[in-house]
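Enquirer: Structure, please.
(3 chains)
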Amino acid sequence: MDRTTKMKFPIPEDELLYSGHTACPGCGAVLALKYVLKGLGPRTMIVIPPSCAGTISAPFPFSSLKIPVLRIPFETTAISASGIRAALDVMGKKDIHVLAWAGDGGTYDIGLQALSAAAERNDNIIYVCYDNEAYMNTGIQRSSSTPEGTWTTTTPSPYLKDTPKKDIVRIMAAHKIPYIATASIGYPPDLIKKVEKAKQKVGTKFILIFSPCPTGWRYSSELTIKVAKLATETGIFPLYEVEHGEKYYLGKKRPEKPLKEYFSLQGRFRTMKEEDLRRVEEKVRKEQEYLGRMAG
Amino acid sequence: MKRVISANQSVSYAVLSAKAQVIAAYPITPQSSIVEMLANFCSTGQLHAKFINVESEHSAMAACISASVVGARTFTATSSQGLALMHELLHYASGLRLPIVMANVNRALGSPFNLKADLSDSLSQRDTGWLQFYCESGQEVFDTIIQAYRISEQILLPVMVNLEGFILSHTYEAVDIPDQVQINRFLPPPAPRDCLDVENPCLFGGTTDFYINFRYKMHQEMEKAKAFCQECDSEFQKTFGRSYGLTQSYLCEDADMILVTAGTIAGTCRVVADQYRKRGLKVGVLRVRLFRPFPSEWICKALQHAKKVAVIDRDFSPGCGGIFAQEIKSALQGTRVSLPVYEFIAGLGGKDVTDEDIGGVVEQTNQTPEPGGVTWIGLLK
Amino acid sequence: MKKRYSVKSLEEMPITAISFSTTEGNETGEWRSQRPLLDSEKCNQCGLCWMYCPDNAILPEKDSFQISYTYCKGCGICAKECPKGAILLVKEKR
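Expert: This next block holds a predicted model:
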């Protein structure tokens, strides 16, 4: 890197991800990984279950990450991180960060038991869930994170998902862990600040990163950042932090754009009707009220 | 020093002596007292280990795997349902070539529900790439766990030490626990190996079409493991004055009939063999201690002069029969195809295998000209 | 990363799948069906294109940025997010 430049970089410069990885063009998940690794630095170990990230980490004998990686069975993301933490602690290497990295399928569904257990033990790990709202790596099947009314390959029209997106933040808040944050690839400096905050704390830290997926959400790849930002600007994905399950800190961005702007960009919401939009508007309003109350 | 302890407690003392560093614990009868005692050792500071109270056996093995990839010496214990639950992870552990040691207290798999001794749980895991030992006494359990750490850390394959539920786990005997200096001499700290290391990052467990090559390397190691286990046992003899072998023969050299079994049934067989010897029938007993890798050469050697063999399985593979019987018939295929193998299934679900039962085995084997399928002992009329 | 293993022979393989090479040899630029062109006159060095590139294919170069066509997959995020319209997407010629 040319140090004579007058340029100021909006986020840390060093990359911990190699080019040549096989993420889809415009992938939100790999952006989440890129930013979190910048926030944590090279003294980090990561565990990755089968997922988009697993595939992106590259097949043997390659790796696309500059840090040590352990690929683990699907259900075990949280406990695998806890195991690494235990080993590092007993061997006296307490300054190394342990990063559990799973998608929404591996967190909200199959990995929830182990995650709840790690949170209850308050194991000193950073658990990041990059949320692309379906099992994308296996071909866009619905997860409990898929929003109501969404097309996926296992909720094809007219049998679109008919239950709301599971509220993982409320679930994690109930465990009273030291730090929870929602973040988005649309706002990398905010995301990295939250990662830096998390790494200062001891105990279980949970960060949910909104990670749009052009392949699964059916939009043209250049819109990834725009879609991410719109989710927050319309109130679909509010940015906030929770400490010890009780203290809420809301991000500055309040909903200011109409929901239609967010939904109209994505093919997975193609069959959405007016009454569905009304329903979501009501939900967003209620959620904003709830967050306002919690933040006091 | 000698302590009067249960075989479960022997496991805990062995793990303490081996200075395990990460222990994953989840309760299941009849294993729970193993992890309870280890929790005690950790809380009093006798054992400097991280003790993780996990929420399922599946997570227990996952914790051992990831801790082991960082280079720590790990341990967990389980039985039947718990062992079955961690099945996928057993494959994972051996595939990653990790030196994990686990105690399995043999218990029947439901349904129907049964808490007592039955070897089907661990035998169902025979294809997972773990070495398997079957013990007969609390002393052997202690000694085998110490050996297991040395073996696993040398060949980089995980080892399962089996002991029967209640019959061994909950019965007390005088067990000699060698002093730590001797243990340290036999079991040094683990040698360096490829690990997760921020100074030298790599990716463990990637996707690969070279899969068959890794399986072949595991096969090569398993083949070498037999000799290594024998060697380790001989070294153990030199250091502690005790050894067990991969198989244990009792009066097999001149026996016309050899009873083959695993675990505590062997003890009863020896008593019955002595009774029949007095009556002029030359009976011998072969206890199989190492099951994976299967010590075919050792077994064929022990059976080489026998005229008849009776295998007593405290296990059952539906649609097939006793698992030890199948493996033994398979082993004999190469050398003594014509040696008749009489198959017996007994003691499932902890049913007591008495000297009368074994007497029945001897009588039937002696009187029947040819083996004819599997005989089940102890059924209702 | 350690280079003492290789996949050339059984002997040289590690005992389990331990990856010892990076993905830098994989030229994902071959995937492109559209190519971004950066006009450095219009560029204000805000760094947003560098920040938002999922493939780290936009690299700082003196007082501006350079697109690495070895890796650029042509997703178009840089063109979309550039506040100065300094990046133009054109059809990739093959």
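
Enquirer: Skipping its backbone neighbours, what lies nearest the closest residue to chain C within the stretch 151-296 of chain A in space?
Expert: Minimum separation of the stretch 151-296 of chain A from chain C (CB to the nearest CB) falls at A:Glu222, amounting to 3.1 Å. Placement of C-beta: from N, CA and C, glycine included. Among residues not flanking A:Glu222 along the chain, C:Gly76 sits closest, at 3.1 Å (CB to CB, 6 or more residues apart in numbering or on different chains).

Enquirer: Give me the neighbour count for the one you found.
Expert: 21 (other CB atoms under 10 Å in any protein chain shown).

Enquirer: now do C:Glu41
Expert: So C:Glu41, with other CB under 10 Å, has 8 neighbours.

Enquirer: next one: B:Lys307
Expert: B:Lys307, neighbours per other CB under 10 Å, totals 11.

Enquirer: ditto for the one 5 residues further on
Expert: The local packing count at B:Ile312 equals 29, with neighbours defined by other CB under 10 Å.

Enquirer: give me every residue that touches the residue of chain C found nearest chain B.
Expert: Nearest residue of chain C to chain B: C:Ser19, at 3.9 Å (CB to the nearest CB). Taking CB atoms under 8 Å, 6 or more residues apart in numbering or on different chains, we find C:Ser19 in contact with A:58, A:60-63, B:202-204, B:206, C:1.

Enquirer: what's the residue in chain B positioned nearest to chain C sitting at in phi/psi?
Expert: Residue nearest to chain C within chain B (CB to the nearest CB): B:Leu203, separated by 3.9 Å. B:Leu203 adopts backbone torsions of phi -110, psi 120, taken as degrees, to the nearest 10.

Enquirer: most neighbours, which of the contacts of C:Ser19?
Expert: B:Leu203 (29 neighbours).

Enquirer: can you pull the pLDDT of that residue?
Expert: If you check B:Leu203, the pLDDT there is 98.

Enquirer: Tell me which residues touch it, please.
Expert: B:Leu203 touches A:57-58, A:60, A:62-63, A:65, A:68-71, C:18-19, counting by CB under 8 Å, 6+ apart.

Enquirer: Now A:Gln266: closest residue in space that isn't a chain neighbour?
Expert: Closest to A:Gln266 by CB to CB, 6+ apart is A:Trp217, at 4.7 Å.

Enquirer: Look at the one you found and say how many residues are nearby.
Expert: 23.

Enquirer: how far away is it from A:Met136?
Expert: Applying CB to CB, to the nearest Å, the value for A:Trp217 to A:Met136 is 9 Å.

Enquirer: ditto for A:Ala23
Expert: Following CB to CB, the distance that separates A:Ala23 from A:Met136 is 11 Å.

Enquirer: Can you mark which positions in the longest helix seen in chain A are buried?
Expert: When chain A is parsed with DSSP state H, its longest helix is helix A:274-295. Within helix A:274-295, the residues that count as buried by 16 or more other CB atoms under 10 Å in any protein chain shown are A:276-277, A:280-281, A:283-284, A:291.

Enquirer: Which residues does that helix contact?
Expert: Contacts of helix A:274-295 (CB under 8 Å, 6+ apart): A:148-149, A:164, A:234-236, A:238, A:240, A:248-250, A:254-255, A:259-260, A:263.

Enquirer: for stretch C:6-18, same thing?
Expert: A:60-61, B:95-97, B:156, B:194, B:202-208, B:210, B:213-214, B:216-218, B:221, C:2, C:5, C:20.

Enquirer: which residues of chain C fall in helices?
Expert: C:48-52, C:77-81.

Enquirer: Can I get those helices in TSV including distance to chain B?
Expert: What follows is the helices of chain C, written out as TSV (distance: least, CB to the nearest CB, whole Å):
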stretch	distance to chain B
helix C:48-52	24
helix C:77-81	26
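
Enquirer: Can you check which of the ones you listed gets nearest to chain A?
Expert: Of the helices of chain C, nearest to chain A by CB to the nearest CB is helix C:77-81, at 4.2 Å.

Enquirer: What's the local residue count around B:Tyr250?
Expert: 19.

Enquirer: what's the helix or strand for the residue lying closest to it once chain neighbours are set aside?
Expert: Nearest residue to B:Tyr250 in three dimensions, chain neighbours excluded: B:Val285, at 4.2 Å (CB to CB, 6+ apart). Remark: B:Val285 resides in strand B:283-288, with elements defined by DSSP states H and E.

Enquirer: strands paired with that strand, and their directions?
Expert: Pairing partners of strand B:283-288, with direction, according to DSSP bridges: strand B:247-250 (antiparallel), strand B:257-261 (parallel).

Enquirer: With mean pLDDT as added columns, please give those in JSON lines.
Expert: Below are the strands paired with strand B:283-288 laid out as JSON lines (pLDDT from 0 to 100):
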{"stretch": "strand B:247-250", "mean pLDDT": "98"}
{"stretch": "strand B:257-261", "mean pLDDT": "98"}
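
Enquirer: This completes my enquiry, with thanks.
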